[in-house]
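Colleague: predicted structure and sequence below. I'll ask about it afterward.
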Amino acid sequence: MDVIEQIANAIKSVPGVTLLDVEHDPNHNRSVMTFVGEPEAVKEAMMKAAEKAIELIDMNKHTGEHPRIGAVDVIPFIPVYGITMSECVEFAKSFAKEYAERFNIPVYLYAEAAQRDYRKTLGNIRRGEFEALKEELGVKPERDPDFGPKKIHPTAGATAIGARDFLIAFNVNLGTDNIDIAKAVAKGVREKSGGLRNVQAIGLMLADRGIAQVSMNLLNYKKTPVYRALELVKAEARRYGVPVIGTEVIGLIPLDAVIDTTKYYLQSEIFDKEQIFELRVHNIVTEKKMIDHTLVEFTDLVAAPKATPGGGSVSAVIGALGSALVTMVAGITKKRKKYAHLKEDLEKVIYQADLLRSKLLSLTLEDSAAFDEVMKAYKLPDSPEKEKAIENALKYAAEVPLNTMKTAFEALKLAKFIAEKGTPKAITDAGVAAITTFGAMEGAGLNVKINLISITDNEFVEEKKREVEQLLNEGRKLKEEIIEIVHKRMTE
């Protein structure tokens, strides 16, 4: 437990990351940690957790029922909100390369990030586990990693890194101590042996309880729901006169999967999440975030006769759209064989542009929140504390759009790369990326200036004015260079 706690604390130490769940099982001898956050924060937390696990876990002394290849066995990146699967794939690849170089550990890309078809399935990578991989890595070419050395790390083993949809780890306990029955039932259930699609299953023993278990991964709970997997396990177990005595959900489970299972066992003809009391209350008390709205809803919010969302938020959204265009052009270019020599550079651009887009979307919310803080400060009772609160709120309200300017400028620099190197088929999109990212800078710049007017700290005001003018001058020059490149390349 001390080891588990140290790894969990490494994750919790990173601002912007929330550790949602820690599951550990002495029979499996395995811990699953689930945490969420923005890509950069998640990356930092994962690196810190890995560093601690590598320090504390020696695979040569490790045993357990669950298949494994390393101290950090598998790292799946899962799109939750504001990021696509393809973006998660690129993020996983970039992370895997850095991870392998930093820790000198062989890394295998799996699931949606797999470079080889047979590695889409994690079981193929784990074949023979740490012990077999230790002997075969560097000897058999099919065992060569995607990143890192062609030899096992002496204590940490190897790691599988990828991107995938939400997986439900679901175990069914059988009323028998016969592991052969559990293995036979698992064979009847798993897709690989002719069972259910999207189901992986193994049979194993829970030594401390003296019972056998069918341990499953449900890879797509929407197509193969939990209840269907459970019912098939029951049916297969009945062939041997064995009952199901309990089940376990390891880690977290999506609400939709719980509702589907509830509907099935209640045999309910009409039942949906709107009937769940806590959810209805939650929807009332939780205000919908701006970036949760559709484009039409967002424009309606902007059009409403209220101060927020205003020009600062709109500027950040424009910058996010410009960043998205950078990603698009880089992605289209990367698909063409003609640009194979630029693959690594284009992947880097895609990764950076996606992070900038995510940050700009966050700034959309932060800008409105900053303005609300200013309004709150002005409503305080008259006192010296009120003046200080107003000054601090105004400074924050100036820093947020300045951050938008800086972030959009980074996206503008990427727009120049794709204008110069990208396919001419999408050259005007590169031009629009330049126009929108610089437009975001200009709009955010106005918001910085309006807040500086009321700030009494002259040193702060002058410093921010210089930053704004420098950014605008450099941004304007860069945008004009890009537009000139675009016009020249239109005829290619």
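Modeller: Sure thing, it's come through. Numbering: from 1, shown residues only.

Colleague: mind listing the helices for the stretch 1-150 of the chain?
Modeller: For the stretch 1-150 of the chain, helices defined by DSSP state H, counting those that start in this stretch occupy the ranges 2-12, 39-56, 85-103, 122-125, 129-136.

Colleague: what is the neighbour count of Val139?
Modeller: 10 (other Cβ atoms under 10 Å). (Each C-beta comes from the backbone N, C-alpha and C, glycine too.)

Colleague: and it, how far from Asp345?
Modeller: 34 Å (Cβ to Cβ, to the nearest Å).

Colleague: before we move on, back to that, need the helices of the stretch 1-150 of the chain in JSON lines (columns: mean neighbour count, distance to Gln275 and mean pLDDT).
Modeller: Listed next are the helices of the stretch 1-150 of the chain as JSON lines, based on neighbours: other Cβ atoms under 10 Å; distance: least, Cβ to Cβ, whole Å; pLDDT from 0 to 100:
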{"stretch": "helix 2-12", "mean neighbour count": "16", "distance to Gln275": "35", "mean pLDDT": "94"}
{"stretch": "helix 39-56", "mean neighbour count": "19", "distance to Gln275": "34", "mean pLDDT": "95"}
{"stretch": "helix 85-103", "mean neighbour count": "20", "distance to Gln275": "31", "mean pLDDT": "95"}
{"stretch": "helix 122-125", "mean neighbour count": "19", "distance to Gln275": "37", "mean pLDDT": "92"}
{"stretch": "helix 129-136", "mean neighbour count": "17", "distance to Gln275": "45", "mean pLDDT": "94"}
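
Colleague: out of those, flag the one nearest Ser315.
Modeller: helix 39-56 (21.6 Å; Cβ to Cβ).

Colleague: what is that closest one packed up against?
Modeller: Helix 39-56 sits against helix 2-12, strand 17-25, strand 30-37, strand 74-77, helix 85-103, helix 343-378, with contacts defined as 3 or more Cβ pairs under 8 Å, 6 or more residues apart in numbering; DSSP states H and E.

Colleague: mind listing what's buried in the shortest one?
Modeller: Right, strand 74-77. Using 16 or more other Cβ atoms under 10 Å as the burial criterion, the residues of strand 74-77 that qualify are 74-77.

Colleague: what's stretch 99-109 in contact with?
Modeller: Contacts of stretch 99-109 with the rest of the structure, by Cβ atoms under 8 Å, 6 or more residues apart in numbering, involve 47, 50-51, 54, 70, 72, 75, 92-93, 96-97, 115, 119, 125, 137, 145-153, 156-162.

Colleague: now swap in stretch 52-60 and tell me
Modeller: 3, 6-7, 10, 68, 70-72, 103, 105, 130, 153-157.

Colleague: same thing but at 7 Å, please
Modeller: 3, 6-7, 10, 70-72, 103, 130, 155-157 (Cβ atoms under 7 Å, 6 or more residues apart in numbering).

Colleague: which one's the longest helix in the protein?
Modeller: helix 384-421 (DSSP state H).

Colleague: re the thing from before, want to try a markdown table for the helices and strands packed on helix 39-56, with distance to Asn198 as columns?
Modeller: As requested, those are arranged in a markdown table below (distance: least, Cβ to Cβ, whole Å):
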| stretch | distance to Asn198 |
| --- | --- |
| helix 2-12 | 29 |
| strand 17-25 | 21 |
| strand 30-37 | 19 |
| strand 74-77 | 15 |
| helix 85-103 | 16 |
| helix 343-378 | 28 |
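
Colleague: out of the ones you listed, flag the one nearest Leu295.
Modeller: Nearest of the helices and strands packed on helix 39-56 (Cβ to Cβ): helix 343-378, 12.7 Å.

Colleague: for the closest one, what is the distance to the chain centroid?
Modeller: How far helix 343-378 lies from its chain's middle: 16 Å, per Cα atoms, centre = their mean, to the nearest Å.

Colleague: and that helix with helix 39-56, angle?
Modeller: Computed by axes from the mean of the first three to the mean of the last three Cα atoms, to 10 degrees, the angle separating helix 343-378 from helix 39-56 equals 110 degrees.

Colleague: how about helix 343-378: buried residues?
Modeller: 346-368, 370-371, 373-374, 377.

Colleague: pLDDT averaged over that helix - what is it?
Modeller: Helix 343-378 comes out with an average pLDDT of 88.

Colleague: use 25 as the first number from now on
Modeller: Got it, the first residue is 25 from now on, which makes the last one we talked about helix 367-402.

Colleague: just the element for Val229, please.
Modeller: Not quite, residue 229 is Met, not Val. strand 223-230 (DSSP states H and E).

Colleague: what lines up beside that strand in the sheet?
Modeller: Strand pairing for strand 223-230, determined by DSSP bridges: strand 235-242 (antiparallel).

Colleague: and the buried residues of strand 98-101, which two are the farthest apart?
Modeller: Those two in the buried residues of strand 98-101 that are separated most widely, counting by Cβ to Cβ, are Val98 and Phe101, at 10.9 Å.

Colleague: nearest to Leu191, out of the helices and strands packed on helix 63-80?
Modeller: Leu191 lies closest, by Cβ to Cβ, to one member of the helices and strands packed on helix 63-80: strand 98-101, at 7.3 Å.

Colleague: who's in contact with that closest one?
Modeller: 70, 112, 115-116, 135, 146, 183-188.

Colleague: 6 Å - rerun?
Modeller: Outside of strand 98-101, the residues within contact range by Cβ atoms under 6 Å, 6 or more residues apart in numbering are 112, 115-116, 184-188.

Colleague: wait, which of those residues is closest to Asn497?
Modeller: Closest to Asn497, out of all of the contacts of strand 98-101 and judged by Cβ to Cβ, is Phe115, at 33.4 Å.

Colleague: enumerate every residue touching that closest one.
Modeller: Contacts for Phe115 (Cβ under 6 Å, 6+ apart) come out as 63, 101.

Colleague: mind checking the SS state of Val209?
Modeller: Here Val209 is recorded as helix under DSSP: H, G, I helix; E, B strand; the rest coil.

Colleague: check contacts around it.
Modeller: Counting by Cβ under 6 Å, 6+ apart, Val209 has contacts 238, 257, 260-261.

Colleague: recalculate using a threshold of 10 Å.
Modeller: 196, 198, 200, 219, 225, 227, 236-238, 256-264, 266, 268 (Cβ atoms under 10 Å, 6 or more residues apart in numbering).
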